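Peer 1: Dropping the sequence and predicted coords here.
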Amino acid sequence: MLHEIGHALGFKHGNEPGVFGAMTYEHDSSEYTIMAKSYVGSDGGYAENELNGFPQSLMMYDIAALQYMYGANYDVNAGDNRYQWSPDTGQLSIDGNGFSIPLENRLFMTIWDGGGNDTYDFSNYGTNLSIDLSPGKWTVTSVSQLAQLGVGHPAAGNIANALLYNDNTASLIENAIGGSGNDTIVGNSVDNALAGGLGNDTLTGGAGNDRLDGGLGADTMAGGLGNDTFVVDSIDDSVIESTREGTDTVLAAISYALSANVENLKLTGMGTIDATGNTLDNVLMGNAATNTLSGAAGDDWLYGGTGDDTLDGGTGDDLMIGGMGDDTYIVGARGDLVVEMASQGIDTVRSSISYTLGTSLDALTLTGTADLTGTGNALGNTLIGNGADNVLDGDSGKDVLIGGGGTDTFVFRPGETNGDKVMDFNDAGASAGDRLAFSGFGPGATLSQTMGTDVYTITADTDLWGELSETFQIAGVTNLDLIGSLKHDVLLVA
């Protein structure tokens, strides 16, 4: 029937010469046109198709020829259409509306779609699908549904995509959903959403900004050009990107380390999972649970989410934003920036360099083996030194200072000392022990002890400060050297 309609439209047989000559040997096949009496490799003299192996629609060259003569009709299936086929009968349904049922479960057609955001949905298939959304390419649903064009000559596929008319991509199918088998899905030049479903699937995007979701199973996903998004849910999933192929993002429901050439990683779900970057400038984002975000190399941006997170930018100048929760920041470069807002938890910086706490940060622990300086802010901070000789300056607020090992210096300033507490003042009275440094109290300042206790009072130079006195605690220490120049335990810096 379709063949005779072709004659009525002015088509000749593929092997008959016309204005442009006969069709070339490799294209004179019913895979390309309803007018062919052959398959690639036959002599073209007569049809050898099985009874139910003829095209069920105009094929790609037929559509192209009609468009050459009359133009393209983009009103056909111009909406957001979902195409489905039955694995049992080969019946086509568009948006749930079924068409005629082919004989003997054969599926052999070409799809022309006028526009919209369209989907090939093969979720009801259990075979190993081969889906290709490129113009002129074929999808193979199953071997059993292939039309037999001659003895031992099955069709190249079940469903072909029409060719583009004047390079207009409106006719492309944008999305594809695989089934429960091990599927291969290939996108095209526009933005695709490719979903593998069950099975160990291989998904390949094209030139657009694609979303690749392998689903369950060990999936391989390659985005290609464009800013692509990959959905990862298994440690066996593989994400492949090459250089200069856009800015790409992984959405991971498991702990995940970015592969080469992938820039961004966002943790999903509610699990306690971790994110690790690579050598690029990464953006890492946590979920609502407790996460560890590790930037590795590069100048990274880390966002913690709402859990009690640990953010480690690694090497490079990193931006770390913890959000809600009691967060811990690992700082190792002078260009690192830690951002916290008020009422977002009790947050701690662990720094291997000298560091001053920013606004709304609560605690600082110095790490490594270098002699470092740790400085607090206006809050009541806890400052902890490392094993080297540290300088700890609580700034204002009622601070807790812990020097750790080494010979440490605890700094106090007017208006910032009252209520501070030193927890581990070592070697009181010795010439090589920890020291208290009072800065800005003036040369006439005096230090006194509440008798029999570990509470001390610094009284500022009255010529500078009037009657300013501030009280602090040196935990468990009742024998500070307060005699003479105070040079053993106390340093007065005017």
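Peer 2: Thanks, I have it.
Peer 1: Share the number of residues neighbouring S469, please.
Peer 2: By other C-beta atoms under 10 Å, 15 other residues sit near S469. Where you see a C-beta, it was placed from the backbone N, CA and C, and this is true even at glycine.
Peer 1: Start the count at 6 instead of 1 going forward.
Peer 2: Taking 6 as the first residue, the last one we looked at is S474.
Peer 1: hey, where'd the helices end up in the stretch 56-205 of the chain?
Peer 2: Along the stretch 56-205 of the chain, the segments classed as helices by DSSP state H, counting those that start in this stretch run 65-75.
Peer 1: hey, where'd the strands end up in it?
Peer 2: With DSSP state E, counting those that start in this stretch applied, the stretch 56-205 of the chain shows strands at 87-90, 97-99, 102-103, 114-116, 124-126, 135-137, 143-144, 164-166, 180-182, 189-191, 198-200, listed in chain order.
Peer 1: go on, the stretch 356-499 of the chain?
Peer 2: Using DSSP E, counting those that start in this stretch, strands in the stretch 356-499 of the chain cover 360-361, 368-371, 378-380, 387-389, 396-398, 405-407, 414-417, 426-427, 440-444, 451-454, 460-464, 474-479, 495-498.
Peer 1: Could you report the separation of the spatially closest residue to D137 that is not a sequence neighbour from S135?
Peer 2: In space, and not counting its chain neighbours, D137 is closest to V191: 4.4 Å by C-beta to C-beta, 6 or more residues apart in numbering. As judged by C-beta to C-beta, to the nearest Å, V191 and S135 stand 8 Å apart.
Peer 1: now L384
Peer 2: 61 Å.
Peer 1: if we can go back for a sec, would you format the strands of the stretch 56-205 of the chain as JSON lines with mean neighbour count included?
Peer 2: Formatted as JSON lines, those follow (neighbours: other C-beta atoms under 10 Å):
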{"stretch": "strand 87-90", "mean neighbour count": "19"}
{"stretch": "strand 97-99", "mean neighbour count": "17"}
{"stretch": "strand 102-103", "mean neighbour count": "10"}
{"stretch": "strand 114-116", "mean neighbour count": "22"}
{"stretch": "strand 124-126", "mean neighbour count": "20"}
{"stretch": "strand 135-137", "mean neighbour count": "23"}
{"stretch": "strand 143-144", "mean neighbour count": "21"}
{"stretch": "strand 164-166", "mean neighbour count": "25"}
{"stretch": "strand 180-182", "mean neighbour count": "24"}
{"stretch": "strand 189-191", "mean neighbour count": "23"}
{"stretch": "strand 198-200", "mean neighbour count": "22"}
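Peer 1: you'd agree L473 is up against A465?
Peer 2: Yes - using C-beta atoms under 8 Å, L473 is in contact with A465, at 4.1 Å.
Peer 1: With mean pLDDT and distance to A262 added, can I get the strands of the stretch 56-205 of the chain in CSV?
Peer 2: Formatted as CSV, the strands of the stretch 56-205 of the chain follow (pLDDT from 0 to 100; distance: least, C-beta to C-beta, whole Å):
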stretch, mean pLDDT, distance to A262
strand 87-90, 99, 36
strand 97-99, 98, 42
strand 102-103, 96, 46
strand 114-116, 98, 40
strand 124-126, 99, 32
strand 135-137, 99, 29
strand 143-144, 98, 34
strand 164-166, 99, 37
strand 180-182, 99, 28
strand 189-191, 99, 25
strand 198-200, 99, 23
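Peer 1: Distance to G328 for those - can I get that in JSON lines?
Peer 2: Shown next, in JSON lines, are the strands of the stretch 56-205 of the chain (distance: least, C-beta to C-beta, whole Å):
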{"stretch": "strand 87-90", "distance to G328": "39"}
{"stretch": "strand 97-99", "distance to G328": "45"}
{"stretch": "strand 102-103", "distance to G328": "48"}
{"stretch": "strand 114-116", "distance to G328": "47"}
{"stretch": "strand 124-126", "distance to G328": "36"}
{"stretch": "strand 135-137", "distance to G328": "40"}
{"stretch": "strand 143-144", "distance to G328": "44"}
{"stretch": "strand 164-166", "distance to G328": "45"}
{"stretch": "strand 180-182", "distance to G328": "33"}
{"stretch": "strand 189-191", "distance to G328": "36"}
{"stretch": "strand 198-200", "distance to G328": "29"}
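Peer 1: Between L473 and A465, which has more neighbouring residues?
Peer 2: In terms of neighbours (other C-beta under 10 Å), A465 is the more surrounded of L473 and A465; the figures are 22 against 18.
Peer 1: Distance-wise, check that one relative to L485.
Peer 2: Where L485 is concerned, A465 sits at a distance of 18 Å (C-beta to C-beta).
Peer 1: can you check G471 too?
Peer 2: 25 Å.
Peer 1: And L270, by the same measure?
Peer 2: According to C-beta to C-beta, L270 and L485 sit 52 Å apart.
Peer 1: Settle it for me: which of those two has more neighbours?
Peer 2: Legend: neighbour count by other C-beta under 10 Å for L270 and L485, higher for L270 (25 against 19).
Peer 1: wait, the more buried one sits on G282?
Peer 2: Yes - at 6.9 Å, L270 counts as touching G282 under the criterion of C-beta under 8 Å.
Peer 1: Burial check on I240, number of neighbours?
Peer 2: By the criterion of other C-beta under 10 Å, I240 has 9 neighbours.
Peer 1: so who does it touch?
Peer 2: For I240, the contacting residues are I259, by C-beta atoms under 8 Å, 6 or more residues apart in numbering.
Peer 1: Looks to me like it is in a strand.
Peer 2: No - I240 is assigned coil when assessed by DSSP: H, G, I helix; E, B strand; the rest coil, not a strand.
Peer 1: Model confidence for it, exactly?
Peer 2: I240 is assigned 96 on the pLDDT scale.
Peer 1: now do E31
Peer 2: Note on E31: pLDDT of 68.
Peer 1: Find the helix or strand that the spatially most central residue of the chain is a member of.
Peer 2: Centrality entry for the chain: nearest residue to the mean C-alpha point is L270, 2.3 Å, by C-alpha atoms, centre = their mean. Applying DSSP states H and E as the criterion places L270 in strand 269-272.
Peer 1: Mind giving me the packing neighbours of that strand?
Peer 2: Applying 3 or more C-beta pairs under 8 Å, 6 or more residues apart in numbering; DSSP states H and E, one finds that strand 269-272 contacts strand 254-257, strand 280-281, strand 288-290.
Peer 1: What's the mean pLDDT across it?
Peer 2: In this model, strand 269-272 has an average pLDDT of 99.
Peer 1: do the same with stretch 479-496
Peer 2: Averaged across stretch 479-496, pLDDT comes to 72.
Peer 1: what about it, how long is it end to end?
Peer 2: Terminal residues of stretch 479-496 lie 15 Å apart, using C-alpha to C-alpha, to the nearest Å.
Peer 1: do you know how far S444 is from N395?
Peer 2: Using C-beta to C-beta, we find S444 at a distance of 16 Å from N395.
Peer 1: So between the two, which is more surrounded?
Peer 2: A count of neighbours by other C-beta under 10 Å puts N395 above the other of S444 and N395, at 27 against 14.
Peer 1: And the nearest residue to that one once chain neighbours are set aside, how close does it get to R249?
Peer 2: With C-beta to C-beta, 6+ apart as the criterion, N395 has its nearest non-adjacent residue at 4.9 Å, and that residue is D413. Per C-beta to C-beta, D413 is found 51 Å from R249.
Peer 1: ok, S260 touching D279?
Peer 2: Yes - at 4.4 Å, S260 counts as touching D279 under the criterion of C-beta under 8 Å.
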